[in-house]
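Undergrad: from the sequence below, what's the structure:
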Amino acid sequence: MAHMRSTTRLRHAAYAAMVLVVTLVAVAALGCREERIQERGFDPEPRTYSGTPRPFLLGFSSVPTELTQDAYRDALDLTARYGEVLLIQRAPEWAEFLPGVEPSERLAEVTLRERVGVEERELRLFYALDPFDPVDRGRLAAAPDGYEDADFSNPAIRAAFVAEARYIAASYEPAYLALGVEINATYERSPAQYKAFLATYREAYRAVKSVSRHTLVFTTFQYEQLLGVVPWEPPRQPRWELLDDFAGRLDVFALATFPSVTYEVANDLPPLYYQQIRDHTQLPIAFASVGFASAPSPAGVHSSTPPEQRRYLQRLFTDADALAAPFIVWFAGRDPAFIDGSPLDLLSSVGLRDAEDRAKDAWAVWAETASRPVEAAGGAAAP
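TA: Predicted coordinates for the structure are as follows:
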């Protein structure tokens, strides 16, 4: 039987998403500064490849171990040396794109510097535009002044989101662009907000394709919540029907998956945990944000170990090979030390290296897989 969390822990788990909020807000703030990531430059190291070709690209998010520019650069450097894809996930810059507003010089400068940082490392960019508050997926994240209670039924909010999606596509030319993150969580929190977002998503999808037709566009789904197995909600049947709402407007089925919240032992994952997706869609199946804890959390939300993290990563790669996944993005290459010690410490141990850059058990699995050559797969984003 799976090692499920006891009901006495559910209240803690329900609030554990706040750690993700702290992480994403802090990194977004870091990313919006006057970055100088190109000044130090990047010293490339030759990569050698051997072994069985892999169908998937590998990558990490830009989440650093500390909230400093050096740590931010180090996160990009690690991705370049052991992967091909960089994830930048941010809330919209609503005020920059409201009707009648022209994007500022500051935004243009930040965009240029980030693009230089990605290009000099020869990375594929995966940009995730996350419009909803991770604590309350029924509310907008960082809503602009005067729009604190607005939603996607507001014409100005819709126009701003579509305009920013178009700007990102034209200015960054990302390989992958997620319009919405963990969108099924919005459905669970506010069906009305979800419905209003659907119409906006379709418009934004068309806008992106009009300026960057090779960019693969999609929204992401929180997989454990989609299956109905998160410990802070009553068990229920999976909501596969939500995929139909995006029919014809998803280039890949992209999931965010953090199974250590539900399963502390990697072998407790059902045998077809990921492969069952193929029964519900013929789209390419991508792992947009993945993590598995390597230590217990103070609140008891999960309790895992470095060997279990390694076993999970081995399982993930086996399934990704079988599914011919286009890409896998692990949430953080190194532990984000700036959230360590929180009583809701959900993500502080998901790194494959610790905050001091010491390798965990799973790192050797990642490094070995990164050394495999990449097949000509992954759609337009394949190297």
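
Undergrad: tell me how far the helix or strand hosting residue 76 is from the chain's mean position?
TA: Assessed by DSSP states H and E, residue 76 sits inside helix 69-82. Relative to its chain's centre, helix 69-82 lies at 17 Å (C-alpha atoms, centre = their mean, to the nearest Å).

Undergrad: just stretch 68-88 next, same as before
TA: Taking mean C-alpha positions (C-alpha atoms, centre = their mean), stretch 68-88 and its chain are 14 Å apart.

Undergrad: in that stretch, what's buried?
TA: If you call a residue buried by 16 or more other C-beta atoms under 10 Å, then stretch 68-88 has these buried ones: 69, 71-88. In this view, the C-beta of every residue, glycine as well, is placed from N, C-alpha and C.

Undergrad: where do the strands sit along this structure?
TA: Applying DSSP state E to the chain gives strands spanning 57-61, 85-90, 124-129, 176-179, 216-218, 220-222, 253-257, 285-290, 327-330.

Undergrad: give the partner strands of the fifth one in its sheet and their orientations.
TA: Right, strand 216-218. With DSSP bridges as the test, strand 216-218 is paired with strand 176-179 (parallel).

Undergrad: the partner strand - what's its average pLDDT?
TA: Taken as a whole, strand 176-179 has a mean pLDDT of 99.

Undergrad: using CSV, list the CA coordinates for it.
TA: What follows is strand 176-179 as a C-alpha-only set of coordinates in CSV (Å, rounded to 0.1, in the frame of the first residue of the first chain):
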residue,chain,number,x,y,z
TYR,A,176,8.4,26.6,-25.4
LEU,A,177,5.8,28.9,-23.9
ALA,A,178,3.4,28.0,-21.2
LEU,A,179,0.3,30.2,-21.0
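
Undergrad: can you give me how far that strand is from the chain middle?
TA: That offset, for strand 176-179, works out to 10 Å (C-alpha atoms, centre = their mean).

Undergrad: residues in contact with it?
TA: For strand 176-179, contacts defined as C-beta atoms under 8 Å, 6 or more residues apart in numbering pick out 85, 89, 124-130, 161, 165, 168-169, 201, 204-205, 208, 212, 215-220, 252, 254, 286, 288, 327, 381.

Undergrad: ok so, going back, what is the helix holding residue 76 packed up against?
TA: If you count contacts as 3 or more C-beta pairs under 8 Å, 6 or more residues apart in numbering; DSSP states H and E, helix 69-82 packs onto helix 17-31, strand 57-61, strand 85-90, helix 105-120, helix 363-370.

Undergrad: in CSV: the ones you listed, plus distance to residue 236 and mean pLDDT.
TA: Listed next are those as CSV, based on distance: least, C-beta to C-beta, whole Å; pLDDT from 0 to 100:
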stretch, distance to residue 236, mean pLDDT
helix 17-31, 19, 44
strand 57-61, 29, 99
strand 85-90, 27, 98
helix 105-120, 40, 96
helix 363-370, 33, 98
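
Undergrad: let me see the contact set for the closest residue to residue 349 other than its chain neighbours.
TA: Distances taken as C-beta to C-beta, 6 or more residues apart in numbering place residue 295 nearest to residue 349, at 4.0 Å, with adjacent residues excluded. Counting by C-beta under 8 Å, 6+ apart, residue 295 touches 304-306, 348-349.

Undergrad: can I get those in JSON lines including pLDDT?
TA: Converted to JSON lines, the contacts of residue 295 look like this (pLDDT from 0 to 100):
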{"residue": "304", "pLDDT": "87"}
{"residue": "305", "pLDDT": "93"}
{"residue": "306", "pLDDT": "96"}
{"residue": "348", "pLDDT": "86"}
{"residue": "349", "pLDDT": "91"}
